[in-house]
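A.B. asks: Compute the structure for the input listed below.
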Amino acid sequence: MRGATEKVAIPGHTGLDLAGVLHSPEGSVVKGTLVFCHCFTCSKDYKLLVWLARELVQKSYRVLRFDFTGLGNSKGEFRDSTLSTDVLDLIEVVNWLERRGNTVAGLLGHSLGGTVAILGAGQLSAVKPVIVMGTSHDPERVTRLLDQKGWQTLRDKGYVAVRVGGQELPFSRKFVQDLKAHSLKETVFSWDNALLIVHGTADSIVPLSSAEELFEAAGYPKAFVSIPGADHLFVNNRSQASNIATIIDQWVQLNGGKG
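C.D. replies: Predicted coordinates:
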């Protein structure tokens, strides 16, 4: 059973609406509310997030998937977005849930969405469990999307069109500069959150070694789970979604997530 789904509109950091989908389990028992952060230039409707939301609803979680500003069905301009503004969006989402009586039990992020989840958790003292999937220890890794010509255009014009996942989106100088302001390793070293890292052994975008470096930097409690044969997007391993959801469930319960 997939439970009930509700389309929601949440004021983001700009005041414009972020589009979201709230999954709720059947019955009165809810273990907690989990918030999902999608990868760079992706959306809340990315397959991995939908699969995990459905699996976790069956385990009695409420799950919110949402689009960051200027992506998916959310309003605003992506060209004005940075890692910092994505974190602000996440904080607004968590605050919105809490105003509705839903204490957030954990944050989950895929790829650069994992970076947002880590940085956001560092500013949300009530949220302890954090789960990241396919996330690099170095946020600046995303700039590898730019070739020499792209870097030159960025320097000259302040923006460059980058093709990711079949779509072209503006990559701004402000976005690149903002990446330099964040250190994931310092964040996870100094916080008291519970970090679960899930990474595919066949990830060619973010190597396993990068996730291992993030893990080494983090304080306890922490755990690392490698998924055999999974790539960066995890779409080649649909059968593992149920197993990953079970691991997430156990991690959240072990670390006190309750909503």
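A.B. asks: so where do the strands sit in the chain?
C.D. replies: Assigned by DSSP state E, the strands in the chain fall at 4-11, 17-24, 32-37, 61-66, 104-110, 129-133, 159-164, 167-172, 194-200, 222-227.
A.B. asks: Is it possible to get a markdown table of those strands that adds mean neighbour count and mean pLDDT?
C.D. replies: Backbone N, C-alpha and C define where each C-beta goes, glycine included. Converted to a markdown table, the strands of the chain look like this (neighbours: other C-beta atoms under 10 Å; pLDDT from 0 to 100):
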| stretch | mean neighbour count | mean pLDDT |
| --- | --- | --- |
| strand 4-11 | 14 | 96 |
| strand 17-24 | 21 | 97 |
| strand 32-37 | 26 | 96 |
| strand 61-66 | 26 | 97 |
| strand 104-110 | 27 | 96 |
| strand 129-133 | 28 | 97 |
| strand 159-164 | 15 | 79 |
| strand 167-172 | 16 | 80 |
| strand 194-200 | 25 | 97 |
| strand 222-227 | 17 | 96 |
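A.B. asks: pLDDT weak spots in the protein?
C.D. replies: 1-2, 165-166, 237, 257-259 (pLDDT under 70).
A.B. asks: switch to 80 and redo it
C.D. replies: Scanning the chain for pLDDT under 80 picks out 1-2, 27-28, 125-126, 145-147, 163-169, 236-239, 257-259.
A.B. asks: what about residue 233, distance to residue 190?
C.D. replies: With distances taken as C-beta to C-beta, to the nearest Å, residue 233 is found 31 Å from residue 190.
A.B. asks: Name the residue in those two with the higher neighbour count.
C.D. replies: Shown here are residue 233 and residue 190; by other C-beta atoms under 10 Å, residue 233 has more neighbours (20 against 12).
A.B. asks: what's the closest non-adjacent residue to the more buried one?
C.D. replies: In this structure, residue 233 finds its nearest non-sequential neighbour in residue 48, 6.7 Å apart by C-beta to C-beta, 6 or more residues apart in numbering.
A.B. asks: Residue 242 too?
C.D. replies: Leaving out its chain neighbours, the residue that sits closest to residue 242 by C-beta to C-beta, 6+ apart is residue 55, at 5.4 Å.
A.B. asks: isn't that neighbour right up against residue 247?
C.D. replies: No. Contact between residue 55 and residue 247 fails when scored by C-beta atoms under 8 Å: they sit 10.7 Å apart.
A.B. asks: between these two, who's got more neighbours?
C.D. replies: Between residue 55 and residue 247, counting by other C-beta under 10 Å, residue 55 is the more crowded of the two (20 against 16).
A.B. asks: what's the more buried one in contact with, if anything?
C.D. replies: 241, 242, 244, 245 (C-beta atoms under 8 Å, 6 or more residues apart in numbering).
A.B. asks: go with 10 Å
C.D. replies: With contact set as C-beta atoms under 10 Å, 6 or more residues apart in numbering, residue 55 has these partners: 2, 61, 63, 241, 242, 243, 244, 245, 246, 248, 249.
A.B. asks: From residue 16, how far out is it?
C.D. replies: Distance, residue 55 to residue 16, using C-beta to C-beta: 31 Å.
A.B. asks: How much space separates residue 49 from residue 172?
C.D. replies: Applying C-beta to C-beta, the value for residue 49 to residue 172 is 25 Å.
A.B. asks: top helix in this protein by residue count?
C.D. replies: As assigned by DSSP state H, the longest helix anywhere in the chain is helix 83-99.
A.B. asks: hmm, back to that, check whether the residue nearest to residue 233 really touches residue 54, as I assumed.
C.D. replies: No. At 11.2 Å, residue 48 and residue 54 do not qualify as touching, with contact defined as C-beta atoms under 10 Å.
A.B. asks: Most distant residue from the centre of the chain?
C.D. replies: With distances taken as C-alpha atoms, centre = their mean, the residue sitting farthest from the centre of the chain turns out to be residue 156, at 31.3 Å.
A.B. asks: show me what contacts it?
C.D. replies: Listed by C-beta under 10 Å, 6+ apart, the contact set of residue 156 reads residue 173.
A.B. asks: Thank you kindly, that will do.
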